[in-house]
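J.: got a structure for you, letters missing:
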């Protein structure tokens, strides 16, 4: 499978916003991973780090978990104008 990168060379468009939301919530990467695991998404701290740095793809179903944890619409994670 060919991996297409976002315009800035990152593997996702949401990592920066996930990091900003995590920091605003006062959560460590480990704490965020724990919240996601309790919600049913099995990610560890390393995966969160790779998402935030843009080194890991974030599938659409994972965005739903992040949006629920942070209580924001998915479009806020993607930084779109349609939100």
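T.: Looks like it came in fine. The model shown is predicted, which means the values in this text are computed figures rather than measured ones.
J.: can you map out the helices along the chain?
T.: 15-24, 29-39, 45-53, 60-70, 74-78 (DSSP state H).
J.: and the last one, what does it pack onto?
T.: Spelled out, it's helix 74-78. With contacts defined as 3 or more C-beta pairs under 8 Å, 6 or more residues apart in numbering; DSSP states H and E, helix 74-78 has these neighbours: helix 15-24, helix 60-70. In this view, the C-beta of every residue, glycine as well, is placed from N, C-alpha and C.
J.: what does that helix rub up against?
T.: 13-14, 17-18, 21, 63-64, 66-67, 70, 82-83 (C-beta atoms under 8 Å, 6 or more residues apart in numbering).
J.: can you do 10 Å?
T.: Outside of helix 74-78, the residues within contact range by C-beta atoms under 10 Å, 6 or more residues apart in numbering are 12-18, 20-21, 58, 60, 62-64, 66-68, 70, 80-83.
J.: Buried residues in it, which are they?
T.: Within helix 74-78, the residues that qualify as buried are 76-78, counting by 16 or more other C-beta atoms under 10 Å.
J.: swap in the second one?
T.: Going by neighbour count (16+ other C-beta under 10 Å), the buried part of helix 29-39 is 29, 32-33, 35-36.
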